[in-house]
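[1] the sequence and its predicted three-dimensional model are supplied below.
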Amino acid sequence: MSDRSPILVWVRRDLRLTDHPALSAASKSGRPVIPVMIRDTAVDDLGAAPKWRMGLGIGHLAERYESAGSRLILRSGDAVDVLKTLIEETGAGAVYWMRAYDPASVARDTAVKSALKEAEIEAQSFAGHLMFEPWTVETKQGAFYKVYTPFWKSVRDRGVADPLPAPGRIPAPDCWPASEALEDWKLGAAMRRGAEVVRPWVRLGEEAAQGRLGAFIAHKVKDYDTTRNLPWTDGTSCLSENLALGEISPAQCWHAGRRAMEEGSKGAETFLKELVWREFAYHLMWHTPRLLDSNWREEWEAFPWNTDEDRPEVIAWKQGRTGIRFVDAGMREMYVTGRMHNRARMIVASYLTKHLMTDWKIGMRWFEDCLIDWDPASNAMGWQWSAGSGPDATPYFRVFNPITQRDKFDPKRDYVDRWIAEGRKSPTDTAQSYFDAIPRSWNLSAQDPYPEPIVGADEGRKRALSAYQDRGF
């Protein structure tokens with residue numbers, strides 16, 4: 001191949017130009033660069049909300065490439081087949097991409113790299129979705145970390161690569177290959193009317209992500225220790241949406257947080273710990289892929305969780321109609337905004353797995369369908385942490401009381417009033433938006449009476465503890 005042969009930059013969950021090592025390396029080579037997004041099973045298998053959100057992100061990224069004098073080529077099909085076809089069409093001599101770490105993506109990428117090398121095509125993968133590659137963080141015995149705090153201590157003083165600037169110029173090929181139309185992919189089809197409700201809450205693209213980070217560091221990080229646990233106030237970075245799709249890199253967030261910490265900001269170290277908690281989830285997913293679909297603690301395989309998604313109490317949980325206001329507020333926030341405050345996520349997950357004794361995988365799959373900030377590692381670890389079956393889990397016998405949690409973290413009921421309309425003379429717009437977002441088949445309205453608790457806080461706790469005792473936990 002000539003040194004002037006194009007480089008295909010295969011875009012996946014890295015919808016940005018800034019701090020994109022694969023794109024930077026390709027652009028610096030001086031060879032023509034052809035960015036390509038492939039709609040394969042990794043895209044098609046996404047839940048309704050994350051697939052819709054990815055479609056928005058792809059559209060915005062395409063505009064960013066256009067403004068940089070480039071194009072984002074869209075193709076559908078098996079990744080190996082699509083890349084081989086593009087290589088034939090363009091004469092490309094290399095394919096660059098950013099690494100993914102979930103088992104399905106690892107298997108796909110391994111197959112792609114093998115096929116390209118067999119065809120004598122250069123294949124390079126780059127770091128960037130994480131700050132610390134999972135195989136580089138080890139205990140003194142050479143094992144992987146299974147508990148968060150030692151993991152944090154091992155990486156907190158490590159160097160993190162400085163973020164790379166967006167390429168000043170992306171060299172274009174003489175002739176562009178044909179591209180499919182994004183609208184034909186219909187990535188938002190499953191969202192139906194919920195898309196119109198959630199769309200105003202989306203902060204789309206890397207410019208918005210960097211703006212979010214800047215505003216958080218300037219105005220919120222100093223109080224983050226406290227405000228991150230208060231769902232009624234705007235006290236978090238809200239960057240999970242953008243990190244999930246790679247619209248901002250963790251390294252950008254890390255360096256901003258480090259600067260704030262060095263300047264004396266009280267909450268900055270806690271923010272850094274949250275970034276490392278995300279890393280820890282990926283670290284565990286890499287070393288123990290069963291995190292995604294099986295009880296990480298194997299002794300929990302015999303636990304008698306309910307696995308029937310059609311039971312009335314599970315349907316009530318999904319609908320945000322459990323009669324427990326903190327739980328229901330969290331679920332309704334998710335339907336209106338596509339996200340849920342982390343404190344609410346813990347209460348919502350604990351209530352399903354402990355008060356309702358329902359398998360965490362049911363909740364995990366439901367979140368996978370409803371969250372615009374869905375992340376495979378964080379979602380799975382969060383659910384297993386709450387259920388007690390996972391790594392670094394909350395003690396199995398700790399059953400969050402959703403009533404006392406509400407009293408502690410939402411003492412004036414600002415959060416629950418924001419999201420629950422029933423029984424109120426003048427419900428908020430956000431509370432009423434829930435009824436616009438949910439499926440019509442649920443047949444719910446703001447005029448319905450608010451339900452009585454399906455399982456009370458004390459009753460559920462006693463039932464869970466009894467089940468644990470009977471199983472010898």
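    Great, that's in hand.

[2] and the strands in the stretch 1-150 of the chain?
    With DSSP state E, counting those that start in this stretch, the ranges of strands along the stretch 1-150 of the chain come out as 7-11, 33-39, 73-76, 94-98, 122-126.

[3] same list, those strands, but as TSV with distance to residue 222 please.
    C-beta here means a position set from N, CA and C on the backbone, and glycine is covered the same way. TSV is the format used below for these (distance: least, C-beta to C-beta, whole Å):
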stretch	distance to residue 222
strand 7-11	36
strand 33-39	39
strand 73-76	43
strand 94-98	33
strand 122-126	34
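
[4] take the ones you listed and lay them out in JSON lines including distance to residue 391 and mean pLDDT.
    What follows is the strands of the stretch 1-150 of the chain, written out as JSON lines (distance: least, C-beta to C-beta, whole Å; pLDDT from 0 to 100):
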{"stretch": "strand 7-11", "distance to residue 391": "31", "mean pLDDT": "98"}
{"stretch": "strand 33-39", "distance to residue 391": "32", "mean pLDDT": "98"}
{"stretch": "strand 73-76", "distance to residue 391": "37", "mean pLDDT": "98"}
{"stretch": "strand 94-98", "distance to residue 391": "25", "mean pLDDT": "98"}
{"stretch": "strand 122-126", "distance to residue 391": "26", "mean pLDDT": "97"}
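
[5] residue 104: which of those strands is closest?
    strand 33-39 (14.0 Å; C-beta to C-beta).

[6] pull out the buried positions in the closest one.
    Neighbour-count burial for strand 33-39, counted by 16 or more other C-beta atoms under 10 Å, picks out 33-39.

[7] now do that strand: distance to the chain's middle.
    Put simply, strand 33-39 sits 22 Å off its chain's centre (C-alpha atoms, centre = their mean, to the nearest Å).

[8] please apply the same query to stretch 97-106.
    15 Å.

[9] how close does residue 455 sit to residue 462?
    Using C-beta to C-beta, to the nearest Å, we find residue 455 at a distance of 10 Å from residue 462.

[10] what about the stretch 351-473 of the chain, any weak spots by pLDDT?
    392-397, 471-473 (pLDDT under 70).

[11] try 80 this time
    The model of the stretch 351-473 of the chain has pLDDT under 80 over residues 392-398, 467, 469-473.

[12] where exactly do the helices run in it?
    Using DSSP state H, counting those that start in this stretch, the helices found in the stretch 351-473 of the chain span residues 360-370, 376-387, 402-409, 414-419, 429-437, 457-470.

[13] I'd like those written out as TSV, with mean neighbour count and distance to residue 164 added.
    Listed next are the helices of the stretch 351-473 of the chain as TSV, based on neighbours: other C-beta atoms under 10 Å; distance: least, C-beta to C-beta, whole Å:
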stretch	mean neighbour count	distance to residue 164
helix 360-370	21	31
helix 376-387	24	24
helix 402-409	17	39
helix 414-419	20	39
helix 429-437	18	38
helix 457-470	15	48
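
[14] can I get the ones you listed in a markdown table with distance to residue 265?
    What follows is the helices of the stretch 351-473 of the chain, written out as a markdown table (distance: least, C-beta to C-beta, whole Å):
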| stretch | distance to residue 265 |
| --- | --- |
| helix 360-370 | 31 |
| helix 376-387 | 24 |
| helix 402-409 | 22 |
| helix 414-419 | 25 |
| helix 429-437 | 30 |
| helix 457-470 | 37 |
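
[15] of those helices, give the one that comes closest to residue 93.
    Residue 93 lies closest to helix 376-387 among those, at 32.2 Å (C-beta to C-beta).

[16] tilt between the closest one and helix 360-370?
    140 degrees (axes from the mean of the first three to the mean of the last three C-alpha atoms, to 10 degrees).

[17] just give me the closest of the buried residues of strand 33-39 to residue 310.
    Closest to residue 310, out of all of the buried residues of strand 33-39 and judged by C-beta to C-beta, is residue 39, at 31.7 Å.

[18] pretty sure the closest one contacts residue 74?
    Yes. Residue 39 is within contact range of residue 74, at 7.1 Å (criterion: C-beta atoms under 8 Å).

[19] joint contacts of these two?
    Residues touching both residue 39 and residue 74 by C-beta atoms under 8 Å, 6 or more residues apart in numbering: 180, 185.

[20] what is the burial count for the closest residue to residue 338 other than its chain neighbours?
    Leaving aside its sequence neighbours, residue 338 sits nearest to residue 372 (C-beta to C-beta, 6 or more residues apart in numbering; 3.4 Å). Neighbours of residue 372 under the rule other C-beta atoms under 10 Å: 27.

[21] also residue 192?
    The tally of other residues near residue 192 (other C-beta under 10 Å) stands at 13.

[22] local confidence estimate at it?
    With respect to pLDDT, residue 192 scores 93.

[23] can you tell me the closest non-neighbouring residue to it?
    residue 439 (7.6 Å).

[24] ok, the one you found to residue 455 distance?
    Distance of residue 439 to residue 455, computed by C-beta to C-beta: 24 Å.

[25] which one of the two is surrounded by more residues?
    More crowded of residue 439 and residue 455, by other C-beta under 10 Å: residue 455, with 21 against 12.

[26] what sits against that one?
    Residue 455 sits next to 313, 322, 355-356, 463 when contact means C-beta under 8 Å, 6+ apart.

[27] try it again at 7 Å.
    Counting by C-beta atoms under 7 Å, 6 or more residues apart in numbering, residue 455 makes contact with 313, 355-356.

[28] among those residues, which one is most surrounded by other residues?
    Neighbour max across those (other C-beta under 10 Å) = residue 355, 28 neighbours.

[29] in three-state terms, label residue 235 for me.
    Assigned with DSSP: H, G, I helix; E, B strand; the rest coil, residue 235 falls in the coil class.

[30] wait, it touches residue 222, no?
    No. Using C-beta atoms under 7 Å, residue 235 makes no contact with residue 222, being 10.6 Å away.

[31] more neighbours: which of those two?
    Neighbour count, other C-beta under 10 Å: between residue 235 and residue 222, residue 235 has more, with 20 against 17.

[32] look up how far residue 146 lies from that one.
    For residue 235, the distance to residue 146 - C-beta to C-beta - is 30 Å.

[33] for residue 346, same thing?
    21 Å.

[34] show residues contacting stretch 318-329.
    Against stretch 318-329 from outside (C-beta under 7 Å, 6+ apart): 316, 331-332, 344, 347-348, 351, 366, 402, 405-406, 410, 415-416, 419-420, 442, 444, 451-454.

[35] same thing with stretch 235-250?
    Stretch 235-250 has contacts (C-beta under 7 Å, 6+ apart) with 13-16, 19, 53-54, 57, 128-131, 163, 203, 205-206, 209-210, 212-213, 216, 220, 223-224, 227-228, 253, 275, 278, 339, 372-375.

[36] ok, stretch 273-284 next?
    101, 130-132, 134, 137, 144-145, 148, 151-152, 155, 250, 253-254, 257, 291, 377-378, 381, 391.
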